[in-house]
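>>> Structure for the following, please:
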Amino acid sequence: MTPYNQRKYILLVLFFVTVGIVYAQSTPPNPNPPPPGLPINAGVFILSLVALAYGIIRKQK
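Predicted structure coming up:
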């Protein structure tokens, strides 16, 4: 083998070792799950209030 080919193979091996080390890093742990129960955000709460008010007004007429 010529010195040029040896350098080429050494660089290729170093490249794959470096890539292997970078991709072998551990991933961060998953965040904590939400508490049990039905999560109600503000939009659903407001829509339910509007529906309740509409039903009460409609019932009075």
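>>> Rounded mean pLDDT for the longest helix anywhere in the chain, please.
When the chain is scanned for its longest helix (criterion: DSSP state H), the result is helix 3-23. Taken as a whole, helix 3-23 has a mean pLDDT of 86.
>>> what's the offset of whatever helix or strand comes next after that helix from the middle of its chain?
Scanning the chain past helix 3-23 towards its C-terminal end, the next helix or strand to appear is helix 42-60 (assignment: DSSP states H and E). Helix 42-60 has its average C-alpha position 35 Å from the chain's average C-alpha position, going by CA atoms, centre = their mean, to the nearest Å.
>>> going forward, begin numbering at 68 instead of 1
Got it, first residue is 68 now, which makes that one helix 109-127.
>>> Enumerate residues external to helix 109-127 that contact any of its residues.
Here helix 109-127 makes contact (CB atoms under 8 Å, 6 or more residues apart in numbering) with no residue beyond itself. In short, each C-beta sits where N, CA and C put it, glycine included.
>>> End to end on stretch 102-115, go ahead and measure it.
One end of stretch 102-115 sits 23 Å from the other (CA to CA, to the nearest Å).
>>> Who are the packing partners of the longest helix of the chain?
In this structure, helix 70-90 packs against no helix or strand, with contacts taken as 3 or more CB pairs under 8 Å, 6 or more residues apart in numbering; DSSP states H and E.
>>> Many thanks, have a good one.
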